[in-house]
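Q: Mind folding the following:
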Amino acid sequence: MPGIVAGALCAHPPILLTEVGGLESQHVRATAEAMRELDVMLAGHRADVAVVISPHSPSSMTSLPVRHAARVAGDLARFRAPQVRVEAVVDTALVTALVVEGQRAGYALTWAEDSDLDHGVVVPLYSLPRTIANKRFVFLGVSGWPLARFVDFGAWLHQSLLGRSVILLASGDLSHRLTPDAPYGFRPEGPVFDRLVIDALRDHDWTRIEGMDPDLIEEAGECGLRPLAILLGAARAAGLASKVLSYEGPFGVGYPVVAFAPTAGAVDIQDLGRRAIETYLRSRQLIEPPQPIPAVLQEPSALFVTLRKGRELRGCVGSLRPTEATAAHELIRYAIASAVRDPRFEPVRLDEVRHLSIKVQLLEPAEAVTDIAALDPRLYGIIVRCGERQALLLPGIDEIETPEQQLRAACDKAGIDPLAALQIERFRARTIE
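A: Numbering: from 1, shown residues only. Below is the predicted model:
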C-alpha cells in the first residue's frame, strides 16, 4: 500500500550548520539536536523515495513546479560555505507520472526551470544524512494557490504514491517578524502566528492552522506554511500524527522541527515486553516480533530495556551494538535479560509481570569526547573506559544534572578512579514506551 509513511516540517536556516554559522550556530543548538533526533526517527522507516517541498524552490502563482532533471545538486556558496553540498537523483519516472496524473486531477503541475537546489532543500537534506541515504527524490516548489488547495493536494499526493514508500519533507521557517532585529522587523502577529502553529501541531488540531486568518498569515512574514499545508493534507490521509521536537526563534525567525509518524499500527511496547517476559518465564521460549514489524523497530539497533515496578527499578540490561537482525528481536531479547539476568536484582517473578512498566531506549552510535563540556546528561548517555573496566549510563537519569556528576557516576559504576586516563564517549538515545 503504503504511500507516505512518515514526514517532517524542517526549519532551514543556513546558520544551523557550523560550516556557515561557526560559533553563532550554538544559538540554534536545540534545532540542530532536534534535526539529529528527526534523522534517527525518519531513517527508521523503510522508504525508497523522499518528496521535498521548499518555498525557495522555483515557484509560480498559478502552477506548482516540479523538477525534472535526472540529477540535481546545490550548495551553500552564497552563504560562504561551498563545501556544504548536496547531490540527488530524481525519480524521473515518478515525477513524470505525477505531473500527468496531477493535471488530470485538476492540479496545475508544471516542469520547473533548471536551477541549483536552494538552501531550503540543501540545509534539511545535509542535516538528515541517514534519512536521505539510498533514496530517489521528487522536488516540488510552491504556488499561489489558496491554503486549502495545498491541503487537498497533499491528500491527493498520498493517494498517488500508494504502492511506493515515501518520506515527505516540508521545508520552511515560521514567522520572520518575532523581534525588532528580525529580518522583516517586528510585528505582533509574528509571535501569535508561531504560537498558533506550534500549539496546533502539539494538540493535533490541524484545523486551527488550515483555518487561519489570511491577514495574520500575511503580517507574520512566514515561509513554511504552504509546504506545511501539503504535509498536513498528506499526513491526514496517511494516518500520521504530529510531534513537535523543537521550536526556537533566537534570530527573530521561528525554527520548527516537527515529526509526522504513524498512529495506526504503532507498537505497544508494554504489551510486547510483558509478553516476551511472561512467555520466557513459563516456557523458556522466545516469542516472535509482531508482523509486520513496526517501522521504528525494523532496523538493527543497540538498545537498553528498563523495567520498573511502580517506582522500583527491577532491571536494566542492553547492548552497546546491535546483536539481532532487527530492533524488535533485540527488544525481546533484552526485555527478558532485564527480567532475569540483571545481577543487581532477584529475577522477576511471574506474578510481577503485569505490574511492570517497560522503557526502551534505542542507542545511536557513540562518538568520542575529549572535553566534558561536550556532555549533557539530559541529551547524551556516556560510556567511560579505562583498561579492562567500562561503564555506561543512559541519558535522562533524574539525579544526574551536570556533566561532572555524570562522569563521576559512570566511574563509580565501573570502579574507575575519576583521575585516571579515561576514554569517554557520548551517545544519544531515542525513548519508546
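
Q: quick one: low-confidence parts of the stretch 201-350 of the chain?
A: Low-confidence segments of the stretch 201-350 of the chain (pLDDT under 70): 263-267.

Q: Show me where it has its strands.
A: For the stretch 201-350 of the chain, the strands defined by DSSP state E, counting those that start in this stretch cover 240-248, 255-262, 302-309, 312-318.

Q: roughly how far apart are the nearest residue to S143 once chain neighbours are set aside and G7?
A: Excluding its sequence neighbours, the residue lying closest to S143 (CB to CB, 6 or more residues apart in numbering) is L64, at 4.4 Å. (Glycine included, C-beta is placed from N, CA and C.) Separation of L64 from G7 (CB to CB, to the nearest Å): 17 Å.

Q: next one: Y126
A: 18 Å.

Q: Neighbour count: those two, which is higher?
A: Neighbour tally, Y126 and G7, criterion other CB atoms under 10 Å: the higher count belongs to G7, 30 against 23.

Q: can you tell me which helix or strand the more buried one belongs to?
A: strand 3-10 (DSSP states H and E).

Q: name the helices or strands packed onto that strand?
A: Counting contacts by 3 or more CB pairs under 8 Å, 6 or more residues apart in numbering; DSSP states H and E, strand 3-10 is packed against helix 29-43, helix 119-127, helix 147-160, strand 165-171, helix 225-238, strand 240-248, strand 255-262.

Q: again, 10 Å this time
A: Contacts defined by 3 or more CB pairs under 10 Å, 6 or more residues apart in numbering; DSSP states H and E place strand 3-10 against helix 29-43, strand 49-53, helix 119-127, helix 147-160, strand 165-171, helix 225-238, strand 240-248, strand 255-262.

Q: Strand partners (parallel or antiparallel) of that strand?
A: strand 165-171 (parallel), strand 255-262 (antiparallel) (DSSP bridges).

Q: In stretch 275-283, which residues are buried?
A: Using 16 or more other CB atoms under 10 Å as the test for burial, stretch 275-283 gives R275, A276, I277, E278, T279, Y280, L281.

Q: quick one on the thing from earlier: please tabulate the helices and strands packed on strand 3-10 in CSV, including the columns distance to E367.
A: Conversion of those to CSV gives the following (distance: least, CB to CB, whole Å):
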stretch, distance to E367
helix 29-43, 11
strand 49-53, 26
helix 119-127, 17
helix 147-160, 37
strand 165-171, 25
helix 225-238, 31
strand 240-248, 20
strand 255-262, 21
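
Q: my guess is R136 meets V72, correct?
A: No - applying CB atoms under 10 Å as the test, R136 and V72 come out as separate, 11.3 Å apart.

Q: Spit out the residues that contact those two alike.
A: Common neighbours of R136 and V72, counting by CB atoms under 10 Å, 6 or more residues apart in numbering, are A88, V89, V90.

Q: Other residues contacting the host helix or strand of the second one?
A: So the one you mean is V89. Secondary structure assignment for V89, by DSSP H and E: strand 81-89. With contact meaning CB under 10 Å, 6+ apart, strand 81-89 is reached by 14, 17-21, 50, 52, 67, 69-77, 116-117, 119, 121-126, 129, 132, 134-139.
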